[in-house]
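Trainee: return atomic coordinates for the entry below.
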Amino acid sequence: MTIGLIFAICLGAVHLLAGKQRWLAAVPVRRRVSFGAGVSIAYVFVEVLPSLRESQERLQAVSGIPLPGSHHHVYLLALAGLVVFFGLELLAQRSRARNRAAGVGSVTSADVFWVHMSAFAVYNGLLGYLLRDAEKHGLLTCLLLFVALALHFSINDYALQARHQAAYARIGRWVLAFAVVVGYVIGLFFPVGEAVIAALWAVLAGGVILNSLKDELPERAETSFATFLVGLVGYAALLVWLAHLDPLA
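Mentor: Sure, this is the predicted structure:
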C-alpha cells in the first residue's frame, strides 16, 4: 500500500469521524475552527498561491499551443474554480433562506444538497487524484499536504453539517469520504500529463482559496484570534523552514 493511498484513506476517515472524536470535546469549537483556519489559510498563501506561478510555467512549457493570454491561463482556471464554489455557496444560502421562510428550518432542499455533494465529491476526488502527483515529491510533501487537507476537510465538515444537517450526517460524509479514495485509485490507472496536472491544481487552488476564506474564517462571535494566529504563523513558519531545508520537498 502506497503512502498516497494511506493518506487518501485517512482523509476519507476525517469525513466519517467528523464530530465523533471524543478527545476533541475538551477543546472549544471556536478554537478548533480558528486553529484549522489558520493552518489552512497559511497553506493557501505559502504553498497554493506560489504553486500557481509554477503551474503556469509548466503549462506553458508542455502545451505548445499559442493561445491568447498564455501568461494567464492558470490564473483564469483558478478564478473559475473560485467562481464555481462561490456560486454553490450562494445556492445553499438561498435554499436555506427559502426553507426558513417556509418554516421548514435552516436547511437546504434535497436538490441543492445533491448539487453541493456532487460538486464537493468532484473536489475531493480531484484532491485524491492529485495526491498521486504530490507522492512523487516525497513523504514530506505528502505529509504537509495531508495535515493541511485534514484540517481543511474537518472545517468543511463543520460547515456542510450546518448547511445540510441530517442529510449530510446520513449520506453526505460517506460520499465525500469515498470520493477521496476513488480519486486516488483513478490516478493510479489513468495518469495524465503535466499540462493537465497543472490545470487541475489551478482549478482546485481557486476552490481551496474560496472554501478557506468562506468556511474556515469563523463568524465574529466564534473567532479566537489568538488561536487563529498560532495556527497561521506556526504552520507558515514550518512551511518556510522546511522549504529552506529542502527546496525540492
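Trainee: next up, the contacts around Val203.
Mentor: Leu77, Ala78, Ala80, Gly81, Leu126 (Cβ atoms under 8 Å, 6 or more residues apart in numbering). (Glycine included, C-beta is placed from N, CA and C.)
Trainee: ok, the fourth one touching Asn211?
Mentor: This points to Gly81. No - using Cβ atoms under 8 Å as the test, Gly81 is too far from Asn211 to be in contact (9.8 Å).
Trainee: quick check: closest non-adjacent residue to Leu213.
Mentor: Leaving aside its sequence neighbours, Leu213 sits nearest to Ile41 (Cβ to Cβ, 6 or more residues apart in numbering; 7.5 Å).
Trainee: then Gln165?
Mentor: Among residues not flanking Gln165 along the chain, Val107 sits closest, at 4.8 Å (Cβ to Cβ, 6+ apart).
Trainee: on that earlier part again, and the contacts of Val203, which of them are buried?
Mentor: Buried members of the contacts of Val203, scored by 16 or more other Cβ atoms under 10 Å, are Leu77, Ala78, Gly81, Leu126.
Trainee: which residues are in contact with the third one?
Mentor: By Cβ under 8 Å, 6+ apart, the contact set of Gly81 is Ala202, Val203, Leu204, Ala205, Gly206, Gly207, Leu210.
Trainee: now swap in the second one and tell me
Mentor: Counting by Cβ under 8 Å, 6+ apart, Ala78 touches Leu52, Ala202, Val203, Ala205, Gly206, Ile209.
Trainee: which of the three states applies to it?
Mentor: Under DSSP: H, G, I helix; E, B strand; the rest coil, Ala78 falls in the helix class.
Trainee: could you measure it against Leu204, distance?
Mentor: Noted for Ala78: a distance of 8 Å to Leu204, by Cβ to Cβ, to the nearest Å.
Trainee: same deal with Gly138?
Mentor: 20 Å.
Trainee: for Ala110, same thing?
Mentor: Counting by Cβ to Cβ, the gap from Ala110 to Leu204 is 27 Å.
Trainee: next: Leu238.
Mentor: Per Cβ to Cβ, Leu238 is found 22 Å from Leu204.
Trainee: can you check Gly125 too?
Mentor: Remark: distance between Gly125 and Leu204 (Cβ to Cβ) = 11 Å.
Trainee: how about Tyr168?
Mentor: From Tyr168 to Leu204 the distance is 22 Å (Cβ to Cβ).
Trainee: of those two, who's got more company?
Mentor: For Tyr168 versus Leu204, neighbours defined as other Cβ atoms under 10 Å are more numerous around Tyr168 (25 against 19).
Trainee: so that one touches Asn156, yeah?
Mentor: No - if you go by Cβ under 8 Å, Tyr168 and Asn156 don't touch, sitting 10.4 Å apart.
Trainee: how about the helices of the protein, start to end?
Mentor: Applying DSSP state H to the chain gives helices spanning 3-16, 29-43, 49-63, 73-101, 110-135, 139-164, 166-167, 173-189, 194-211, 225-245.
Trainee: can you list the weak-confidence ranges in this structure?
Mentor: Filtered on pLDDT under 70, the chain yields the residue ranges 1, 19-30, 58-71, 215-223, 245-249.
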